[in-house]
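Predicted model, plus sequence, below.
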Amino acid sequence: MNENNEMLAIILAGGQGSRLGKLTKSTAKPAIPFGGRYRIIDFTLSNCANSGINTVGVITQYQPLELNAHIGNGSSWGLDDQMGGVTVLQPFSSTEGEKFFEGTAHAIYQNIEYIDQQNPKYLLVLSGDHIYKMDYEAMLDYHKAKKASLTVGVIPVSPEEAKRFGMMNTDETDRIIEFEEKPEHPKSNKASMGIYIFNWATLRNYLVNSFSTNNELEDFGKNVIPMYLANNESAYAYSFDGYWRDVGTIQSLWQANMEFLSPYNSLNIGDHNWRINSKAQVLPPMYLTSTSNINNSMIVDSCYVAGEVDHSILSQRVSIGAGSKVVDSMIMPGATIGKNAVVDHALVGEEAVIGDDAVVKGTEDDIAVVGYGEVLGVKKS
Amino acid sequence: MKHNSVSAIINLVEPWEQLEPLTTNRPVGTLPFGGRYRLIDFPLSSVTNAGIQNAMIISPRSGRSVADHLRSGNDWNLDTIRGGLFNFPYNDLSLIAPQKKETLVHHYYDNTILFLKRSNSEYTVIMGTRNICNIDLRALLRYHQERDNPVTTVYKSIDAKDSDPDTTVLQLTDNGMATAILPAASKNVVPNDNGKFAKSLNIYMMSTVDLIDILKEANERGDLISLENLMLQAVMQHSANAFEYTGYYANIHDIESYYDSSMSILEEDNFRSLFYSQRRIYTKVKNEIPTFFAKSSHVKGSLCGTGGYIEGKIDHSVIFRNVFINRKSQIKDSVIMQGTRIGAGTKVENAIIDKNVVIGPNLQLKGTPENPLVIGKGKRIFQQTEVSNE
C-alpha cells in the first residue's frame, strides 16, 4: 500500500437487517433508499471518499444484487482510483470450505487475503447502515496521537438509549477500561458507533490465533473488544458529536427520513464541502401538474405529482395521481400511487403500486410499510 | 471495417446571433433546455441510443462550455475502449483571422477526414443541435440502406404558415426524393396540396467513403464553407433519400422560438413524447440534493430540476437545477436557469433568466410572450432601474 492510503476501509454490508421487515426481504439493508435520492450505504462511501480513503472493501452476503449494481466500480463516489478502488467482497468457496461469515470479526477473518493484498497499516471497520457525516482522517490522527492499538468511535447517548448500545467506560484520558453490552445501569454515555480503527498487524494476529485454536472471535463487540481489554491493548474512545442515526428499524428509518426533510437539516446535506454522492441516474426533471399541491416536501428527478404532498419525501420516478394525499411519508423509487388514495405515516417500497382510492395509514408509533413491488388496492379487471 | 458501423459528427457551428445574449459565451449547442439538458444532449442521446461509439464534435470557438458539459463522454457511453468522443474547436470561419484563413485553404476539412478515416466506420451521420428531436438513427440507417441515393436527409412535415426565417425545405419529387434543400422564403418554394412544408432537420446519413470524397473534393477546390452548406450542395448534386421524422420537434433560432419551445415542453404530451419514449435522453450527471418545497410554496404546471429551494409561487415555468425562489416571489410563464436566485416578493413573467443570476427583492421583471425579457448569465440586479431587455 502506498503512503497515500495507509488505511484500508472495510464496510460491513452483509447483514440481513431483519428488523426492517418487508423492506429487506429481497435486498440488503445498506441498499435501502434514503432521503429521496440516496441509498443508506452512500453516506459511508461518501465519508470514505471525502476522508481521502481511496481503497474500500465492501463485504456483502445477504441479497447483494441491488447493492452490487449500486456500487459498481465506485465511480459514483470518485473511488474508481488508479491506486485503489472499491472491491465488493462476496463469500466464496475454497479448499477450507465455504467462506460465509457469522459475525463482524469473522467477516474480516474470512477476507484476510484481500486485506493482506492491500497491506494496510491501519484497518478502518465501518457499518453500511448508518446515516452521518464523519471525517475518518481526523479519527486516524487521534488514533496515531494516542498510539492506540484500537480506537472505537463513540457518540453520547442518554441513559435510556444506552440500554440499546454497547457502552464504553473510559478513564480521564479516554482510554477504554470497560465495555458493557446493553447495560441496565450505564456507567457512561459513550455508545459504540460500530466504527473501529485497528492496527492491522495486531488484529491479524488475534484473529489468526483464535480461529486456529477454535477460540473464535466472531464479533467485534462481543468478543474482540473484551479480548483487547483483557490483554491490556491500548484501546481508546474517539468522541463524535455530529448527527448520527442507526436506521436499523422501520421506526428509526422513518424518523431519520423525517429529520432529513429540509436542506438545512442537522446533516447539512447541502454542504458542498462534504457532498454525499450516489449512483446518479439520468432522468427527466420532475413534472408538477396544475392540480399538484406540495408543502414541506423533498422531490427529485422524474417524479410526477398531480396530487397533494405534505411533509414527505418522494424518490426518483414516483408518481402521485390527482386527488391523492401523501402525508408524513417516504416513497421509494418507482412507486406509483393512483388517484384519490391516501398514504399517511408510511414507508412505501420500490416499485410498489397503490391503487385508486386505497388507504395506507400508519401512526407515529406504528409506521405503515408497503413492501417492494407490493400491489395494494388495484381492482382486478 | 465492421459491417453497419456508424460514426457521428455533431456540428455546433450554427447561427447564434439571434439568440444573444444567451449565446454570447456559448454555442447554440450548449443552450440549457428542458430543466436539466443542453441542446447537444438530444443529438448525442440519439447517437448513444443507436449504439454509436464514435463521435466528433465540431465547435465554433474554444468550446469551453462544450468540454465542460461533455468531459470524457462517459455520460453518453462514449468513453469505451472502442471509439470515443473527439472535440475539434475553432471552426467558426467568421471568427478566424484573414492570415489564418489563408493557411486553411485546401486544409479546412483535414481534421474531419482524419476522424472519419480513423473511425473505421461504414456510415456517418451528421447532425446539428438547433432542431430538437428524438430520432431513431437505426431506423434512419435501415432507410438509407434500402434506397439508392448516396445521401439520406430528414424532414418534419410542418404547416407552411409555421415556417420561420431559419426554415429550409426539402424539394420532394413525386416518388419522395429530395432534389434540393432551399430556404422557405425563396420564391420557388411552395407548400404541398395540404399546405405543408417538408422542413429540413439538418440531419444527413451517408457512407463514410462518400463523405470523405466530398470533403477531399472541397479541400481540392479550396472551399472554406461550413459542413452544413457542403451538405446542402451534396443534396443538390446527388439528390437525397428523404426520411420523415414524426415525433416531438422544436427549432431554436431566436429568443422567441427558444421561449416558445421551452413553454411547449410544459404540455404533458410533448414532455412525454420527448423524455419518456423508448429512447432516453442523457445528460451530464450531477449529484444534487432533492428540491425542497417549503410550506409557503405554490407550484403548478411546471418542470423543476433538483437542488432547488422553493418558497414562492411558480406557475407554468421551467425551473433548472439549484434555483432559489424566495418567499412571496411569483414566477409565471418563465424559464429560470441553473443556480439563479430570485429575491423575496419579486415578480417574474414572460422572462428567460440565464444561469447564476441574482435578482433582488421586490422587483418586477416582465416581458411579453412575443418579446420575452432576457437576463444574461451571471447578472446581478438589485434595483428596478437595472431591469432592461438585452
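That came in fine, so what should we check first? Residues are numbered from 1 along each chain as shown, chains lettered A, B, ... in the order given.

and the gap between residue B:140 and residue B:52?
Remark: distance between residue B:140 and residue B:52 (CB to CB, to the nearest Å) = 11 Å. Backbone N, C-alpha and C define where each C-beta goes, glycine included.

actually residue B:34, not the one I typed
Taking CB to CB, one finds residue B:34 at 22 Å from residue B:52.

Find residues that contact each of residue B:140 and residue B:52.
Applying CB atoms under 8 Å, 6 or more residues apart in numbering or on different chains, one finds that residue B:140 and residue B:52 are jointly contacted by residue B:125.

can you point me to the longest helix in chain A?
helix A:200-212 (DSSP state H).

and that one, what does it pack onto?
helix A:104-110, helix A:112-118, strand A:122-127, helix A:225-230 (3 or more CB pairs under 8 Å, 6 or more residues apart in numbering or on different chains; DSSP states H and E).

Including mean neighbour count and mean pLDDT, could these go into CSV?
Shown next, in CSV, are those (neighbours: other CB atoms under 10 Å in any protein chain shown; pLDDT from 0 to 100):
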stretch, mean neighbour count, mean pLDDT
helix A:104-110, 24, 90
helix A:112-118, 14, 93
strand A:122-127, 23, 96
helix A:225-230, 17, 94
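
Could you point out which of those sits nearest residue B:81?
Closest to residue B:81 of the helices and strands packed on helix A:200-212, according to CB to CB: helix A:112-118, at 25.8 Å.

re the thing from before, give me the contact list for the longest helix of chain A.
A:8, A:105, A:108-109, A:112, A:115-116, A:120-123, A:149-150, A:216-217, A:224, A:227-228, A:233.

let's see 6 Å
Applying CB atoms under 6 Å, 6 or more residues apart in numbering or on different chains, the contact partners of helix A:200-212 are A:109, A:120, A:123, A:149, A:217.

any idea of the mean pLDDT for the helix or strand harbouring residue A:139?
Per DSSP states H and E: residue A:139 is located in helix A:136-145. When pLDDT is averaged along helix A:136-145, the result is 97.

helix, strand or coil for residue B:225?
Secondary structure, DSSP: H, G, I helix; E, B strand; the rest coil: residue B:225 is coil.

so what's residue B:320 closest to, chain neighbours aside?
Spatial nearest neighbour of residue B:320, excluding adjacent residues (CB to CB, 6 or more residues apart in numbering or on different chains): residue B:338 at 4.3 Å.

does the one you found really touch residue B:319, like I thought?
No: with contact defined as CB atoms under 6 Å, residue B:338 and residue B:319 do not form a contacting pair (9.5 Å).

more neighbours, these two?
residue B:319 (28 against 21; other CB atoms under 10 Å in any protein chain shown).

May I see the buried residues of the top strand by length along chain B?
For chain B, the longest strand by residue count, based on DSSP state E, is strand B:196-207. Buried residues in strand B:196-207, counted by 16 or more other CB atoms under 10 Å in any protein chain shown: B:197, B:198, B:199, B:200, B:201, B:202, B:203, B:204, B:205, B:206, B:207.

which stretches of chain A have low pLDDT?
Judged by pLDDT under 70, chain A has its weakly predicted residues at A:1-5, A:263, A:379-381.

Look at whichever residue of it sits closest to chain B and say how many residues are nearby.
At 3.4 Å from chain B, residue A:285 is the closest residue in chain A, using CB to the nearest CB. Under the neighbour criterion other CB under 10 Å, residue A:285 is assigned a count of 26.

Which residue comes closest to it once chain neighbours are left out?
residue B:35 (3.4 Å).

count of neighbours near that neighbour?
Residue B:35, neighbours per other CB under 10 Å, totals 30.

Show me where the stretch 251-390 of chain B has its helices.
B:255-264, B:268-275 (DSSP state H, counting those that start in this stretch).

Run through the residues that contact whatever residue of chain B ends up closest to chain A.
Chain B approaches chain A most closely through residue B:35 (3.4 Å), counting by CB to the nearest CB. Residues near residue B:35 by CB under 6 Å, 6+ apart: A:285, B:303, B:305, B:318, B:320.

ranges for the strands of the stretch 101-250 of chain B?
B:123-127, B:131-132, B:151-159, B:168-172, B:177-183, B:196-207, B:240-244, B:250-251 (DSSP state E, counting those that start in this stretch).

any chance of those strands in CSV, plus distance to residue B:382 and mean pLDDT?
Shown next, in CSV, are these (distance: least, CB to CB, whole Å; pLDDT from 0 to 100):
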stretch, distance to residue B:382, mean pLDDT
strand B:123-127, 42, 98
strand B:131-132, 35, 96
strand B:151-159, 43, 96
strand B:168-172, 44, 94
strand B:177-183, 44, 94
strand B:196-207, 42, 96
strand B:240-244, 51, 97
strand B:250-251, 34, 94
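
Bridged to residue B:336, which residues?
residue B:319, residue B:353 (DSSP bridges).

which bits of the stretch 151-300 of chain A sit near chain B?
Near chain B, the residues belonging to the stretch 151-300 of chain A are A:263, A:269-270, A:277, A:280, A:282, A:284-288, A:290, A:294-300 when assessed by CB under 6 Å from any CB of the partner chain.

Can you tell me which of the residues you listed are classed as buried?
Buried among those (16+ other CB under 10 Å): A:263, A:269-270, A:277, A:280, A:282, A:284-288, A:294-300.

Now intersect those residues with the strands, please.
Per DSSP E, the subset of these in strands is A:286, A:287, A:288, A:294, A:295, A:297, A:298, A:299.

how about the strands of the stretch 101-250 of chain B, which one is nearest residue A:16?
That would be strand B:131-132 among the strands of the stretch 101-250 of chain B, by CB to CB, at 48.2 Å.
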